[in-house]
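S.K.: Got a sequence here, can you build the structure:
(chains A and B)
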Amino acid sequence: MPKASDRPLEMEVRHQGPAAVICVHGSAGMHDADRMRIAMEDLTTQGAAPIVLDMSDLEFICSAGLGAIIAGYLRSRHYGGDVRLVNPQHAVKKVLETTRLTKLFSIFPTVDSALASS
Amino acid sequence: MIDPGCGREVFRFRRDSPQLLTVLISDEAIVHTLDIPSELPAAREAELRVLDELKKHTYDETATFAVKLALEESLNNAIKHGNGYDPSKKIRVEFDVDSRRVAITVTDEGGGFDPASIPDPRTDENLEKPSGRGIMLIKAYMDDVRFNERGNQVHMVKRNR
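M.R.: Residues are numbered from 1 along each chain as shown, chains lettered A, B, ... in the order given. Next up, the predicted model:
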């Protein structure tokens, strides 16, 4: 069952070759969305490509969180990169489907498959 | 504190905390009114109070997610578009929860807008826009959504399955 999480957003970043993997935990709501946007944009500006967003432990997202991901994607594209989403939970995936953002972002089952994709 | 004149239970909080007015209208339904400044921390507190009420009833996590999402969207719109991030402007959150449904009304002090004028964010030309999805998500996740004529108030209902 999906969870309506109230855990604040936490992010862990690791680099794997030219790629950056951001593991997001908790809730990407309006209070925390800007932090996620800044993290993604900064990594892109620093040259990370692609940006892989591991959503396995992300329990909630709203339009502000989606906007942060899109802003990161636009910055990444400007620098010739890409943003790939990994393993969103059922409720988060439903938000992505409802907003039709599954047309914009590739969704992978694992971080490894996202990194391996060309 | 019970008002002996009408049998209503009324709670008032200190001036420096968000004002909460609670009115008991039946054995099950209690209408809460919360006036908050147009700031994210206050919006978060209002959101938590609504979700706390939900926990007292048998709403599943799918319904709770939907209510949380609709609250985030409506409060964010009220802060950003309705009240222009002005913390001196208030947002009124009214909510009542019973075993059958939860009803929430969010009102800002802005001039309002026409919900029909919001472009569909799901079209190809709008997909890459970072904003503009709030109203669509509220309508998709809540069972009943109505705006007042002025456009500064949204009333949302989610039924318990």
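
S.K.: Show me what from chain B comes close to chain A.
M.R.: Applying C-beta under 8 Å from any C-beta of the partner chain, we find that chain B lies next to chain A at B:40-41, B:43-44, B:48, B:51, B:60-62, B:64-65, B:67-69, B:72-73, B:75-76, B:121-122, B:124, B:127-134, B:136-137, B:140-141. Any C-beta I mention is one placed from the backbone N, CA and C, and that applies to glycine too.

S.K.: Can you list the low-confidence ranges for chain A?
M.R.: A:1-5 (pLDDT under 70).

S.K.: again, only this time at 80
M.R.: By pLDDT under 80, the low-scoring segments of chain A are A:1-6, A:118.

S.K.: interface residues of it facing chain B?
M.R.: Chain A has residues A:1-4, A:6, A:29-31, A:60, A:62-64, A:66-68, A:70-71, A:73-74, A:91, A:95, A:98-101, A:103-104 near chain B, with proximity defined as C-beta under 8 Å from any C-beta.

S.K.: Tell me which stretches of chain A form strands.
M.R.: Using DSSP state E, the strands of chain A run over residues A:10-16, A:19-28, A:51-61, A:83-86, A:106-108.

S.K.: try chain B
M.R.: Counting by DSSP E, chain B has strands at residues B:2-3, B:8-9, B:19-24, B:30-37, B:90-97, B:101-107, B:144-147, B:153-159.

S.K.: Make TSV from the strands of chain A and add mean neighbour count to it.
M.R.: Formatted as TSV, these follow (neighbours: other C-beta atoms under 10 Å in any protein chain shown):
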stretch	mean neighbour count
strand A:10-16	13
strand A:19-28	22
strand A:51-61	23
strand A:83-86	24
strand A:106-108	16
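
S.K.: Using JSON lines, lay out those together with distance to B:Arg161.
M.R.: Shown next, in JSON lines, are the strands of chain A (distance: least, C-beta to C-beta, whole Å):
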{"stretch": "strand A:10-16", "distance to B:Arg161": "32"}
{"stretch": "strand A:19-28", "distance to B:Arg161": "23"}
{"stretch": "strand A:51-61", "distance to B:Arg161": "20"}
{"stretch": "strand A:83-86", "distance to B:Arg161": "29"}
{"stretch": "strand A:106-108", "distance to B:Arg161": "27"}
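
S.K.: Out of those, which gets nearest to B:Arg100?
M.R.: The closest of the strands of chain A to B:Arg100 is strand A:51-61. By C-beta to C-beta, the value is 24.7 Å.

S.K.: Just the pLDDT for the residue nearest to B:Arg92 when sequence neighbours are not counted.
M.R.: Distances taken as C-beta to C-beta, 6 or more residues apart in numbering or on different chains place B:Thr107 nearest to B:Arg92, at 4.4 Å, with adjacent residues excluded. B:Thr107 is assigned 98 on the pLDDT scale.

S.K.: residues near B:Thr107, how many?
M.R.: B:Thr107 has 20 neighbouring residues, counting by other C-beta atoms under 10 Å in any protein chain shown.

S.K.: show me the contacts for it.
M.R.: Residues near B:Thr107 by C-beta atoms under 8 Å, 6 or more residues apart in numbering or on different chains: B:Ala78, B:Ile91, B:Arg92, B:Glu94, B:Asn152, B:Gln153.

S.K.: So in terms of bridging, what pairs with it?
M.R.: Note on B:Thr107: beta-bridge partners B:Arg92, B:Gln153, judged by DSSP bridges.

S.K.: what's the spacing between it and B:Glu53?
M.R.: With the distance defined as C-beta to C-beta, to the nearest Å, B:Thr107 ends up 19 Å from B:Glu53.

S.K.: same thing with B:Asn76?
M.R.: Relative to B:Glu53, B:Asn76 is positioned 20 Å away (C-beta to C-beta).

S.K.: So for the two, which sits in the more crowded spot?
M.R.: Per other C-beta under 10 Å, whichever of B:Asn76 and B:Glu53 has more neighbours is B:Asn76, with 22 against 18.
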